[in-house]
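# Provided below for reference: sequence and predicted model.
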Amino acid sequence: MRCAVLAVLGAALSVVGGGGGSARAAQQVPLAAASPAAPPSAASIDAEALQPRLHGRFLHLTDLHPDPFYRTGARVAAACHADAAGKMRVRKGKGGGGEREEERRAGYWGTAKSDCDSPPRLVSASLDWAALHWQAPPRAAAAAAAAANSSAQPGLDFILWTGDSARHDIDSRHARTRAEIYALNTWTLRQLEARFPGVPLVPSIGNNDIFPHNIMFPGPNDITKAYTALWRDHIPEDQIHTFYVGGYYAKPVVPGLVVLSLNTLWFYDSNKAVDGCRRRASDPGTRHLDWLEAQLGMLRRRRKQAHLIGHVPPTAGNYFARCYDRYTDIVLRFQDTIVAQHYGHMNIDAFFVQEEPHDSLAAAARTSEAEAEEEQAAAAAPTRLGALSISGDLRDDYATLPGRASTNLDLYHAFFAAPSIIPCVTMWMGEATGAADEVDESADGGELSGAEEDGDFDSDDSEDDDDDDDDISTLGQRHAGTSYSTTTKRRHSRPGHGRRRHRRHRKLPRHTSPASPSRANGYLSMLGYSQWVLDVEAANAAHEAARLRDEEAAAAENSMLSRALAWLSGGAAASKAPPKEQSLEFFLEYATYEPETLWREFLAPPPPSSGEESQRASDSHVPVPRAMLERELRRLHAKAPVYAEASARATRAHGRRVRMQRRLKHLSEYALPAATVPHMLHLARRLAVSKGLWRRYAARIYESSGFDDED
């Protein structure tokens, strides 16, 4: 653990605002609708009370791993459980930093680069920080705010909570039990409910939220029964039975947007209690994918959009081969309905590209026997830490993407793997305006314009799809980001073209549209996100310094002289109040927005050419509230960015450019107009060719584990 990461996603989507130019500003529309021109009526005020204002942000939390046995000062080699003299057997995993593991001691706020989980105080303080800076103020305070744009004010539309809210099972003297796992999940739920009252919460089950970890038999079972009781207030009533049987459900969160919370344990190849999405109807993975396909079809007919969430990311190295193939196929077939996908588990900060297999001469060359054997040998080769191979897989994936001009966007999608909240926080933002006009709640048979015209890209009917085929075994063991891996690695890169064997579903229709929210910036599109981190080691040092000051002050108060002075003054020495708990402060690691979007409130708006254009510019989304950016300027000892002076002709041709100090440039170096499929593919290509940008990206991949990339 290194940084606490808080990811805030806006309007159920990432917040990517428009650029500085007026044309771009007109395209960027925040989640909240514009304020009415006339004073509100009593009826509209009552309606507003029933319909909370949308903010265009949502928060993604994952892998909190609170550990009630964590002890400050305990040996790191003992999972931060034993006292100074204690000894216990602990399964080794990630390992420490420069000093010897036996010599390291647990810090007050957590321990970086270690097998230790999170002290509960770190979870509580991180959520306190998130609530303080991102939770909406009381209605009275919000009404008094002068800002017309709700995105400039704090507020969340919903929270995605993708599992692993119990500690890892690595300490033989404190073995986990079902009761403890459910108690930790209950405690975490209460922490969230207390800090974000009224905010829709969408939980999902992680591989460490069950006993034994990774193993889940087909439901109903004691696991689905326990979480049905625990999460009943957060699962729609009509989805309770579905969750009780399978551990997955659908939940509407904002108008026109539904979150499908998946139970990825049915797909995870470490779950030896399932068959890996065989075609038999009894397999829970097969039933789950049938349900997912039916839900997406229904949402599409009703002109709604979906976010898919779960714990284990859908990589070829995590899922059974059949589960991976069919899940990827479903996602690509419903590209016009799936806005985004969010996962945890791997303790990394990265995005993955999903690609439709297609045949070509170059692809056929890759399927030669010699190359297949080479790939298998490379996959089985040992590496120092499994997690460190992920960056290599990602760079290979990014580098093999076709150029922009030759890319058929119908064949691609992307998903995000978020780092653990301890120590990172990710804040997403998205488009929210237009809900009332663009969402048809009753339509049952409508089609998105142009969705069917893309047709079926499957011309290969000769693929072997025999149910008796052996499962393709996963090469290697667990990666270091998930449960303390061994010496071999998983391969998380996309399978080579022509190598996928299970393609029965590729003959089904493909639903794509260039105008869909996953491809173009519109209502419910993902705009971007900001990543906030905590320097755990610095926080530990600050706490230790404060503790020493308190001890010195206490010693002085209890000295003989102070007692004598107190007696002479006619009273006893006052008892010392307990020290106040220190608060934490996260800082902005980076944001995906363009500079003119991130710093919008600091930049003078361009002179409007019309009243309409001025109104649109005022409605532009604010991804990070001004007060938080002002703290970043103070922390980095920097001045606020300004628009560069340029001729009117240059401005018309290239837009207004933002000038900023070098120390601020890393905050917006990705500079994405939106987090849609075309822009994510463009970022992937940039990362593949820019050594400096890739080096910084690779370092951020492992931010939550604290490891460095050595590839």
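Alright, I've got the coordinates. Keep in mind that what you see is a predicted model, and the values were worked out from it rather than measured.

# Only C-alpha atoms from now on, for both contacts and neighbour counts.
Will do.

# The residue nearest to P220 when sequence neighbours are not counted: helix or strand, and which one exactly?
Excluding the flanking residues, the one nearest P220 by C-alpha to C-alpha, 6 or more residues apart in numbering is V245, at 4.4 Å. V245 is part of helix 240-246, with elements assigned from DSSP states H and E.

# Name the residues that touch that helix?
Residues from elsewhere that reach helix 240-246 (C-alpha atoms under 8 Å, 6 or more residues apart in numbering): 218-221, 224-225, 228, 232, 248-249, 263, 284, 288.

# Just give me the closest of those to A77.
N263 (33.1 Å; C-alpha to C-alpha).

# Make sure the closest one is actually in contact with G247.
Yes - with contact defined as C-alpha atoms under 8 Å, N263 counts as touching G247 (5.6 Å).

# shared neighbours of those two, anything?
Overlap of the contact sets of N263 and G247 (by C-alpha under 8 Å, 6+ apart) consists of 204-205.

# Now, the contacts of helix 240-246 that are in helices?
Using DSSP state H, the subset of those located in helices is 224-225, 228, 284, 288.

# Quickly name whichever of the residues you listed is closest to D128.
D128 lies nearest to T228 out of these, by C-alpha to C-alpha, at 26.8 Å.

# In stretch 587-604, which residues are buried?
Neighbour-count burial for stretch 587-604, counted by 16 or more other C-alpha atoms under 10 Å, picks out 587-603.

# what does that stretch rub up against?
With C-alpha under 8 Å, 6+ apart as the test, stretch 587-604 has contacts from 15-20, 527-534, 621-624, 626, 632, 640-643, 657-658, 666-675.

# Average pLDDT for stretch 510-523, rounded please.
On average, the pLDDT along stretch 510-523 is 95.

# what's the answer for stretch 296-310, then?
Mean pLDDT, stretch 296-310: 98.

# can you give me the end-to-end distance of that stretch?
16 Å (C-alpha to C-alpha, to the nearest Å).

# Quick check: buried residues in that stretch?
Going by neighbour count (16+ other C-alpha under 10 Å), the buried part of stretch 296-310 is 296-297, 299-310.

# Turn the residues you listed into TSV, including secondary structure and distance to V258.
Formatted as TSV, the buried residues of stretch 296-310 follow (DSSP: H, G, I helix; E, B strand; the rest coil; distance: C-alpha to C-alpha, whole Å):
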residue	secondary structure	distance to V258
L296	helix	10
G297	helix	13
L299	helix	8
R300	helix	11
R301	helix	13
R302	coil	11
R303	coil	11
K304	coil	7
Q305	strand	6
A306	strand	5
H307	strand	6
L308	strand	9
I309	strand	11
G310	coil	14
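
# T676 is in contact with G522, isn't it?
No - taking contacts as C-alpha under 8 Å, T676 lies outside contact range of G522: 10.2 Å.

# Distance check, the residue nearest to P220 against C323.
According to C-alpha to C-alpha, V245 and C323 sit 19 Å apart.

# next one: G56
Distance, G56 to C323, by C-alpha to C-alpha: 33 Å.

# Correct me if wrong: S513 contacts F334.
No - using C-alpha under 8 Å as the test, S513 is too far from F334 to be in contact (9.8 Å).

# Can you give me the buried ones in stretch 286-294?
For stretch 286-294, by 16+ other C-alpha under 10 Å, it's 286-289, 292-293.

# what sits against R71?
By C-alpha under 8 Å, 6+ apart, R71 lies in contact with 80-83, 106, 108, 119.

# pLDDT value on it, please?
With respect to pLDDT, R71 scores 95.

# now do E441
We note a pLDDT of 41 for E441 in this prediction.

# same thing with G17?
With respect to pLDDT, G17 scores 32.

# repeat for the one 3 residues further on
G20 is assigned a predicted lDDT (pLDDT) of 35.

# still on that earlier bit, nearest to A175, of the buried residues of stretch 296-310?
Top of the list for closeness to A175, among these and by C-alpha to C-alpha, is G310 at 25.9 Å.

# from what I can see that closest one touches D164, true?
No - G310 is beyond contact range of D164, at 10.7 Å (criterion: C-alpha under 8 Å).

# Now the buried members of the contacts of stretch 587-604.
15-20, 527-534, 621-624, 626, 632, 640-643, 657-658, 667-668, 670-675.

# now, which of those residues lie within strands?
With strands defined by DSSP state E, the entries of the buried ones among the contacts of stretch 587-604 inside them are 527-533, 642-643, 658.

# For the helix or strand harbouring A541, give the mean pLDDT please.
Using DSSP H and E, A541 sits within helix 536-557. Helix 536-557 shows an average pLDDT of 85 in the prediction.

# helices or strands up against that helix?
Applying 3 or more C-alpha pairs under 8 Å, 6 or more residues apart in numbering; DSSP states H and E, one finds that helix 536-557 contacts no other helix or strand.

# List the buried residues for it?
Of the residues in helix 536-557, 536-537, 539-540, 543, 557 count as buried by neighbour count, 16+ other C-alpha under 10 Å.

# rewinding a little: how about the contacts of R71 in TSV, adding secondary structure and distance to D349?
Formatted as TSV, these follow (three-state DSSP; distance: C-alpha to C-alpha, whole Å):
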residue	secondary structure	distance to D349
C80	coil	25
H81	coil	28
A82	coil	31
D83	coil	33
A106	coil	25
Y108	coil	25
P119	coil	22
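
# of those residues, the lowest pLDDT goes to which?
Among the contacts of R71, D83 carries the lowest pLDDT, at 59.

# where do the contact lists of G310 and D164 overlap?
Any residue near both G310 and D164 by C-alpha under 8 Å, 6+ apart counts here, and that gives 205-206.

# ok so, going back, could the buried residues of stretch 286-294 go into a markdown table alongside distance to D63 and pLDDT?
Formatted as a markdown table, the buried residues of stretch 286-294 follow (distance: C-alpha to C-alpha, whole Å; pLDDT from 0 to 100):
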| residue | distance to D63 | pLDDT |
| --- | --- | --- |
| T286 | 26 | 97 |
| R287 | 26 | 97 |
| H288 | 23 | 98 |
| L289 | 24 | 98 |
| L292 | 24 | 99 |
| E293 | 27 | 98 |
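
# So which residues of the stretch 251-400 of the chain form strands?
For the stretch 251-400 of the chain, applying DSSP state E, counting those that start in this stretch gives strands covering 257-261, 305-309, 338-343, 350-355.

# Same list (those strands) but as JSON lines, adding distance to L160.
Output for these, formatted as JSON lines (distance: least, C-alpha to C-alpha, whole Å):
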{"stretch": "strand 257-261", "distance to L160": "9"}
{"stretch": "strand 305-309", "distance to L160": "8"}
{"stretch": "strand 338-343", "distance to L160": "8"}
{"stretch": "strand 350-355", "distance to L160": "17"}
